[in-house]
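Colleague: I would like the atomic coordinates for the input below:
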Amino acid sequence: MRTTRDSVFGRCGLHGGLLAGVAAAALLSGLVSARAQGAAPAGSTTLDEISVEGQQPTFGTAGFVATRSTAGMKGNDSILETPATVSVITREELDVRGVQDINLATAYTPNVYAIDYPGGQGGPTFSLRGFNAVNFDSVYQDGLRYGFNSFDQNIEPYAYERIDVIKGPSSVLYGQGQPGGIINLVSKRPSFTRSNEVFLQGGSYNRIQAGFDLTGPVEGAPQFAYRITGLIRNSDSQVKYTPDDRTFIAPSITWKPDSDTSLTVLAKYAEYRGGGSEQALPIIGSILPSSRGQFQRDVFVGQPNFNTGLLENKEIGYVLDHSFAQNWLFHSAFRYYETDAKYNVVSVDPSFTPPGALSLATFPYARDQQSRGLVTDNHVEGQFNTFGVQHNVVAGVDYQDYHRSDNRQFVNGLPPTTTAAFTALGYRPYRYLVDLYNPVYGASLNFPDATNVASRQSIQQTGIYFQDQMKFNGLIFTGSVRNDWVDQELNTIQNFPRVAGLPIPPAFIPLALAATNTNTTSRQKFSALSYRLGLGYEFDSGIVPYVSYSTSFNPQAGSRFDGSALDPREAKQIEGGVKWQPVGTNQIYTASYFEITQTNISQQDPLHPGFLIQTGEVASKGFEFEAKANLFEGFNLVFGYAHLNTEVTKNPQDPTLVGKRLINAPNNTLSLFADYSFPQSSALGGLRAGAGVRYVGQRTDSTNKDDIPSYALVDATLSYDLAKLNPAWTGASLSVNASNLFDHRYYSASFYQGYIFEGYRRRVFGQLTYRW
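Modeller: Numbering: from 1, shown residues only. The predicted structure is shown next:
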């Protein structure tokens, strides 16, 4: 029998892809020992910590504290030794806080700001270290990019064992992306230790939700383990006429033919039903009261009979780990997914709405979208020594292939142009006014049979990478390098019929207002080099000071006047900090300072309207501190603080923007969550209580014309083990979770200057859970 990964990497434990069956076999053969950190949360394996100092990052780390991550270095690596800031939200923390969406999941993580968007369509958008991340270019699942378009995917937190956040540029390991960092979702996987959970939940907005999470060995086939996780929800939302329904199921199976090999096949089906309208509100009437006061909290910006947001997602993939020689392991991951989305959208039209107007101009359109994606990563990991220097190396190749079709129809077949000269000719693109204080619905909407705008997008990216982490007498040096080859293409066909009897000025012919259609194609094809250097020193006390330099790139759409594609945005970061894991404790602390500069930002070409030039630059610098600690038996603490300073440093086309802040980037954020389980022997035994506060400082829109006020929200949790009332109820528990307990009104900047999104109102859910 070859040496498995736990002995290969000593402190590293098993690789993220090697499942609990490998851990069990290793334990039985005496290769490693397990140490429990407390009672495991529902649905998670009890073998979550492999060896005295290692953890299994693909399973539920008991408690709130994780010390290892597969995302920061593409292996099961110590967070202390990773030359980047790493935050982990464990399954137990997600359960205790009663997390219902990815926004709340990351709400206590410094410098991760999720844009709350109740009632709106599409997936979540994040700001990481001040950089706005859209189209899931910051979200990964099991080390593979999660999606490529905000309307392709959504996220169900119940599907994941933990969430890892890696701060700073990560192109050296993952390819194109925003420089603020990535969020890696770790899927629940089969365990060879049997564990089952079912729950029933109800609460705010007529919520009824039920779910289950079942895992264990396959009877009569000890080489196999299964897991099936599912959830169904029927619910309204805080916005009128807008549901929040979903169906989710994720079956998976692990095959472990021997102690060297583990293959897991994971599948998923998800259907999300919500609203299709944007739900952007004017600042006057929300943040600033108008002459009629503030809008009602549940105001609906749209048409009740035209408000569909339907997303169907199907995916299948695998994770394979094979130890092919002593100290060497091959890891392969693959996922294929298809989506089908339909949105009946009502969009805000600020140019048709005078500032301070009490009615809002909107226009509807129908959007059908289909996509498919294939993502894979394959790498070899190994360990060897040269002249007393220990090398941990990773070398691999990954590939992404994405295709999307997007078809849109506009009322009466007319484009949503707001050009004054166009409307003066008699064209009347459909608009209707909504009195947000006394809305009247029921507009008659007529759509053409033909598609007005059809776009086809494709993205292919291939990357090769190599990383070597060298250790010598406490000194840790990490060097990583990668090259990507990217090929992107976007084809757009516009089909807007001419309105009979109306003249067409020549200026509108290129816009296809007089012709039957236009067909344009833009393509980007380039290669990009990324790298990272890190240096640290590990003291015997568990303190690791470190410094690192990293780069990233991100493609952007559009072209120059000469027809050439735009160069990708490029970013560089220098980061320094200190990590501390006090010896003999279940605690980890991280303090870091960073400076990020992003260049090649595109701007409108002043000499050639409709084309772009690249002269912009922005910067983000700040300080972060995070603590996750089990301070004493039963007491968990999560604390985070971030100070962030973002600004536009170059903008020759609009010098007035120089010095302005980036959109939705708060200067200061502060969060604290505490959780306590009363001793079983006490009068309150079986009771667990927690509370938290989240403060988000002032933000602004992209022009800095509108200030978005700061806010502080309070969350609370309470649960009780029903076995304390009756031993026959062993395994049953009752919990109540509240977010934004005092129903504070808060906002984020929206798509348009002068408009905002209102945040989530108070949500209280009660849940009955049974585990066995």
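Colleague: is residue 404 in a bridge, and if so with what?
Modeller: Beta-bridge partners for residue 404, by DSSP bridges, are residue 371, residue 457.
Colleague: Which residues are in contact with it?
Modeller: Applying CB atoms under 8 Å, 6 or more residues apart in numbering to residue 404 gives the contacts 148-149, 152, 369-371, 455-458. Every residue, glycine included, has its C-beta placed from N, CA and C.
Colleague: which one of those has the most neighbours?
Modeller: Neighbour tally across these (other CB atoms under 10 Å): the maximum, 26 neighbours, falls on residue 152.
Colleague: wait, isn't that residue in contact with residue 339?
Modeller: Yes - using CB atoms under 8 Å, residue 152 is in contact with residue 339, at 4.7 Å.
Colleague: So, low pLDDT: which residues of the stretch 51-200 of the chain?
Modeller: The stretch 51-200 of the chain contains residues with pLDDT under 70 at 51-60.
Colleague: just to revisit the earlier point, pick the one among the contacts of residue 404 closest to residue 142.
Modeller: Taking CB to CB as the measure, residue 142 lies nearest residue 148 of the contacts of residue 404, at 16.4 Å.
Colleague: Now that closest one: phi and psi?
Modeller: Dihedral angles of residue 148 (phi, psi; degrees, to the nearest 10) stand at phi -130, psi 0.
Colleague: Excluding chain neighbours, give the residue nearest to it in space.
Modeller: In space, residue 148 comes closest to residue 402 once its chain neighbours are excluded; the distance is 4.5 Å by CB to CB, 6 or more residues apart in numbering.
Colleague: chain center to the helix or strand hosting that neighbour, what's the gap?
Modeller: Per DSSP states H and E: residue 402 is located in strand 389-410. Remark: strand 389-410 is offset 15 Å from the chain centroid, using CA atoms, centre = their mean, to the nearest Å.
Colleague: now stretch 185-203
Modeller: Centroid separation between stretch 185-203 and its chain, computed with CA atoms, centre = their mean, is 21 Å.
Colleague: Alpha carbons of the helix or strand residue 625 falls within, in PDB - could you do that?
Modeller: Element membership of residue 625 [criterion: DSSP H and E] is strand 612-632. Below are the C-alpha coordinates for strand 612-632, written out as PDB (Å, rounded to 0.1, in the frame of the first residue of the first chain):
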ATOM      1  CA  LEU A 612     -13.300  52.800 -26.000                       C
ATOM      2  CA  ILE A 613      -9.800  53.600 -24.900                       C
ATOM      3  CA  GLN A 614      -7.800  52.400 -21.900                       C
ATOM      4  CA  THR A 615      -6.500  55.100 -19.700                       C
ATOM      5  CA  GLY A 616      -8.200  54.600 -16.400                       C
ATOM      6  CA  GLU A 617      -6.700  53.400 -13.100                       C
ATOM      7  CA  VAL A 618      -8.100  52.700  -9.600                       C
ATOM      8  CA  ALA A 619      -6.500  51.900  -6.300                       C
ATOM      9  CA  SER A 620      -7.700  50.100  -3.100                       C
ATOM     10  CA  LYS A 621      -5.800  50.000   0.100                       C
ATOM     11  CA  GLY A 622      -6.800  49.000   3.600                       C
ATOM     12  CA  PHE A 623      -6.400  47.100   6.800                       C
ATOM     13  CA  GLU A 624      -8.300  43.900   7.900                       C
ATOM     14  CA  PHE A 625      -8.500  42.100  11.200                       C
ATOM     15  CA  GLU A 626     -10.400  38.800  11.800                       C
ATOM     16  CA  ALA A 627     -10.700  36.600  14.800                       C
ATOM     17  CA  LYS A 628     -12.400  33.200  15.000                       C
ATOM     18  CA  ALA A 629     -12.100  31.600  18.400                       C
ATOM     19  CA  ASN A 630     -13.600  29.000  20.700                       C
ATOM     20  CA  LEU A 631     -12.500  30.900  23.800                       C
ATOM     21  CA  PHE A 632     -13.800  28.400  26.300                       C
END
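Colleague: What strands line up against the next helix-or-strand element following it, and which way round?
Modeller: Using DSSP H and E, the helix or strand that follows strand 612-632 in sequence is strand 635-650. Strand pairing for strand 635-650, using DSSP bridges, gives strand 612-632 (antiparallel), strand 668-677 (antiparallel).
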